[in-house]
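Asker: this one's sequence-less:
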């Protein structure tokens, strides 16, 4: 039995703590926050005998507390400049991610999906295709339920479909998926990573330990990914051309092609794949149609936390858009949206800390209205929208300046739309 400190007490930290306790380890928890939700989570773990009260540190990270541990497990939200990380590094305590911890206990093969945008959609589709084909597919990871929390239900004949973020991949050591996908790489998380090179490196770690017995799908339309293909040790295929699915079925959507390629690799028939795609209605907070009020469609794309995701949204939607953007800026060039804004957007409502970046990047395109309040922003967008037009929430930023996460942002957007619908009955 050894003492392991879990840093962070969100879903990932809770899953890690429970997994470690189940393995007979002595769990310590260090969490910088001490709000009601965090205290409730800690109390539940104490009540369930996962951790002793004396082994919980809330509201701060201290060197003395961290020094007790022989290993540190960090949640994705813990940045490399966290005091907890610095204390561990100073004392040469090994640090791993929850992904590495969970992998070490995982009895089933893993399909790992990473990339800047599209991860959740592709992970969901692969899981649906495998289940439709009769497989025990468990979808988890960055999609919302950590792998550590799913270990108990997994069997050898299960298959894990894992959404993997750059933060989760930063601190892997032995993590080795049977197959992996890199969908795309564009500017993202530059508020966390030192530069674009570090961000790219973290994404490419997904195939760090893959060998000739494993498989990776890359996006052949991205020069960067084409260039690295020759250096990868495992078998490489490009999902945009794999088995000619695109031309055969006239499918242009890269997410669909990526999911189909991996599903085929896992033995799913084309009929099953096509049936799943035909019934797929998207995922919550991703280009989700919320309401039509006085002829104006409201679309919730709160999950679009990158500039590339906003570009995808603008490519996917017809003209006459009032675009609500903003939040906490995490890098990326809003200027790349200029062409799409000029062609499709009537005006922009900018919110949050990123407003100066939005104004700078899109200056000279369309009218940009700044708002401090989210309710006011949604109401202003409605007033500016034309009958037959669309109000699109596609922030291109993280939510943490105004909300707990993108889910809360999307949920509140939908609540505001419901209120507007009551105020403006047909």
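Answerer: Sure, I can see it. Everything numeric here is computed off the predicted structure, so don't read it as measured data.

Asker: Give me the pLDDT for the spatially most central residue of the chain.
Answerer: Residue closest to the mean C-alpha point of the chain, counted by CA atoms, centre = their mean, is residue 142 at 5.3 Å. You'll see residue 142 listed with a pLDDT of 90.

Asker: I'd say it and residue 164 touch.
Answerer: Yes. Under the criterion of CB atoms under 8 Å, residue 142 makes contact with residue 164 at 6.3 Å. Heads up, the C-betas are built off the backbone N, CA and C, glycines and all.

Asker: got any residues that touch both of the two?
Answerer: Shared contacts of residue 142 and residue 164, defined by CB atoms under 8 Å, 6 or more residues apart in numbering, are found at residue 119.

Asker: any idea how the chain splits into domains?
Answerer: As recorded under automatic domain parsing, the domains making up the chain are 3-93, 100-279, 288-423.

Asker: got the end-to-end distance for the longest one?
Answerer: Using CA to CA, to the nearest Å, one end of domain 100-279 lies 34 Å from the other.

Asker: quick one, what contacts residue 287?
Answerer: By CB under 8 Å, 6+ apart, residue 287 lies in contact with 299-301, 313, 316-317.

Asker: Give me the distance between it and residue 399.
Answerer: Distance, residue 287 to residue 399, using CB to CB, to the nearest Å: 17 Å.

Asker: now swap in residue 305 and tell me
Answerer: Distance from residue 305 to residue 399, counting by CB to CB: 7 Å.

Asker: for residue 224, same thing?
Answerer: Distance, residue 224 to residue 399, by CB to CB: 28 Å.

Asker: cool, and residue 129?
Answerer: In this view, residue 129 and residue 399 are 30 Å apart by CB to CB.

Asker: cool, residue 279 as well?
Answerer: Taken as CB to CB, the span from residue 279 to residue 399 is 30 Å.

Asker: for residue 316, same thing?
Answerer: Applying CB to CB, the value for residue 316 to residue 399 is 21 Å.

Asker: Compare residue 224 and residue 399 (neighbour count), which wins?
Answerer: The neighbour comparison of residue 224 against residue 399 (other CB atoms under 10 Å) goes to residue 399, with 22 against 15.

Asker: Just read off the phi/psi values of the residue nearest to that one when sequence neighbours are not counted.
Answerer: Leaving out its chain neighbours, the residue that sits closest to residue 399 by CB to CB, 6 or more residues apart in numbering is residue 409, at 4.4 Å. Main-chain torsions, residue 409, degrees, to the nearest 10: phi -60, psi -50.
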